[in-house]
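In: give me a model of this one.
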Amino acid sequence: MTEQDPLRYSILASGSTGNVTYLETDEHRILIDAGLSGKRIENLMAKIDRSLTDVDAIFVTHEHTDHCHGVGVLARRYGMDIYANQGTWDAMASKIGKIPLEQKHIIAPNSVKDLGDIDVESFAVSHDAAEPQFYQVHHNNKTFCIITDTGYVSDRVEGTIRNADAYLMECNHDTEMLRMGPYSWPLKQRILSDTGHLSNEEGADALMDVLGSRTKRIFLGHRSQHNNMRSLAHLTVATIMERHDFGVNHDFQLVDAEPDKPSKLLTV
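Out: So this is what the prediction gives:
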């Protein structure tokens, strides 16, 4: 592998309505999650001039619909390999329909799947799903890390994901918007719990604990459509980090992921 063989990615969608991330090397193309309909994912791929016919595999984080909705149809339509841990396979079986046995693969929590020129590393998180885990992708000494859908970031996870080149980090809600918003009290408690979601402030705190000299781009993602706003999430994270002397948009870029349009195809 050489510097001319980069790791490229696009955040196709990130939000409470659906999540899909695309990554490619010269030899492999993968999705992390497929939380939209097959048709919508096809359309998002076309917007970055890519086709699902070339995607080798989907790595699923957990069984919630906004992460697995399109997994079954894409597996059957395109013959992709599907990777998830056993708990997630069991929990999402009724949601995704039948998948040929040869396309079903296990990636256990806190392990690495070697695909040749790309390594996909899983790490367990704290979320109210059967066996939630997220992934960081390694290629040619570069790392892209996704961590959303977690109530907190443990010391173990921080140690695993420290100093990645790029992150997609959860900033799900503004705490006051959530408390004053339309959700039922039990749902609010679930989101605020240690098995819920990171607030804007918690996302900022996690970022300050893990980013390093290699980190050049951070996407803020998985925003709630009811309990957050893009401008508020960005301002909150930027203000907290700047207050602690982090070089926002100087040492690294802070970018807003969108729920309904893909980012450009970027290079890590």
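In: got the contact list for the closest residue to Ala166 other than its chain neighbours?
Out: Take Ala166 and drop its neighbours on the chain: the residue closest to it by C-beta to C-beta, 6 or more residues apart in numbering is Arg217, 4.5 Å away. Bear in mind the C-beta positions are built from the backbone N, C-alpha and C, glycine included. For Arg217, the contacting residues are 165-167, 252-253, 255, 266, 268, by C-beta atoms under 8 Å, 6 or more residues apart in numbering.
In: His197 reaches Thr150, doesn't it?
Out: Yes. Using C-beta atoms under 8 Å, His197 is in contact with Thr150, at 7.4 Å.
In: could you name every residue contacting both of these two?
Out: 127, 170.
In: how near is the residue nearest to Ala166 to Asp251?
Out: Taking C-beta to C-beta, to the nearest Å as the measure, Arg217 falls 11 Å from Asp251.
In: could you do Leu232 as well?
Out: Between Leu232 and Asp251 the computed distance is 23 Å (C-beta to C-beta).
In: can you count the residues close to Gly159?
Out: Gly159 has 11 neighbours, counted by other C-beta atoms under 10 Å.
In: and if you look at Asn85?
Out: 23.
In: quick thing: my sequence starts at 846, can you match it?
Out: Happy to do that; since the first residue is 846 now, the last one works out to Asn930.
In: neighbours of the closest residue in space to Gly917 that isn't next to it in sequence, how many?
Out: Spatial nearest neighbour of Gly917, chain neighbours left out: Ile941 (3.3 Å); criterion: C-beta to C-beta, 6+ apart. Neighbours of Ile941 under the rule other C-beta under 10 Å: 22.
In: picking that back up, more crowded one of Leu1077 and Asp1096?
Out: Counted by other C-beta under 10 Å, Leu1077 and Asp1096 do not tie: Leu1077 has more neighbours, with 16 against 11.
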